[in-house]
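1. sequence and predicted structure below; questions after.
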Amino acid sequence: MRLSAFNLESIASLTATDELELDLVGERKTAIFAVIPDNDSTFNFLIGMLYTQLFQMLYYQADIVHGGALPVPVHFLMDEFANVALPDEFDKLLSTMRSRLIFVSIIIQNLAQIKGLYKDSWESIVGNCDTLYYLGGNEQSTHKFMSEYLGKETLDTNTYGKSSGRSGNYSTNYQQAGRELLTPDEVRLLDNDYGLLFIRGERPVFDKKYDILKHPRINETTDGNAKPYLHGKIKYSIDDWQNILLSDREYELLSDEDMDNYFKQLNSK
């Protein structure tokens, strides 16, 4: 049963009340960090549910409440994109969200990941992203894609010929030839200090990566000798939560078969 995880007390208590106020995300500055383990995907579906509800709420707020666009833009930084269950028809959401001031940064390790998730529509997802930044990798199809994405350059070639003898002559041959800006092998061998940036309507950019250690707020991270953030540390939104009166009635999640029997009993009365 897909909802069996909610029989766990920890999951039931986590989702019993709304502490995130998702309806206010597009109305005031808000930061939500959804941290998932990289070695266990058992409860990753919770993040998928969060994404689904948040997109639905943001679309409703933009279209119905605010007349087409959110007052405060919302930006999703989707790291571990390939490891989280996303809303149905995410590719269609991606093509319509920008007008509502909803933006997404998709982070993947290689194109094979997104091809595995969206076999028939992965090109649509890439095409709906106005900016693509390639940091490097070691996956062959990604190298080929980046090489083709860069396009070709035109090379001018001059060939000179000279023959000696009583009837010697001299000739010049001029021709143009096309070549990839970077071949797949050259993409694979890119220096780790450099990246490829593609912006819609602009020529590709080959430039040095930003040194994160030079960020003005690096001292707030562990790389800048700050104390590590303790994930999982319990912080309650209600200080006096232990004195809240709860119902003594127990609840039980019913299977589809139990639900059918329940409604049959109601109809027979």
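-> Looks like it came in fine.

2. what ranges do the helices span in the stretch 1-150 of the chain?
-> Applying DSSP state H, counting those that start in this stretch to the stretch 1-150 of the chain gives helices spanning 9-15, 45-60, 90-96, 111-117, 122-127, 140-150.

3. what ranges does the chain have for its strands?
-> Along the chain, counting by DSSP state E, strands occupy 74-78, 102-106, 131-134, 152-162, 170-180, 194-199, 205-208.

4. mind putting these into JSON lines with mean pLDDT and distance to D240?
-> C-beta coordinates here come from the backbone N, C-alpha and C atoms, glycine included. Below are the strands of the chain laid out as JSON lines (pLDDT from 0 to 100; distance: least, Cβ to Cβ, whole Å):
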{"stretch": "strand 74-78", "mean pLDDT": "95", "distance to D240": "32"}
{"stretch": "strand 102-106", "mean pLDDT": "95", "distance to D240": "36"}
{"stretch": "strand 131-134", "mean pLDDT": "95", "distance to D240": "47"}
{"stretch": "strand 152-162", "mean pLDDT": "76", "distance to D240": "68"}
{"stretch": "strand 170-180", "mean pLDDT": "76", "distance to D240": "66"}
{"stretch": "strand 194-199", "mean pLDDT": "96", "distance to D240": "51"}
{"stretch": "strand 205-208", "mean pLDDT": "94", "distance to D240": "53"}
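
5. sorry, back to before: mean neighbour count and mean pLDDT added to the helices of the stretch 1-150 of the chain, as TSV?
-> Formatted as TSV, the helices of the stretch 1-150 of the chain follow (neighbours: other Cβ atoms under 10 Å; pLDDT from 0 to 100):
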stretch	mean neighbour count	mean pLDDT
helix 9-15	11	83
helix 45-60	16	91
helix 90-96	16	90
helix 111-117	17	90
helix 122-127	16	91
helix 140-150	18	94
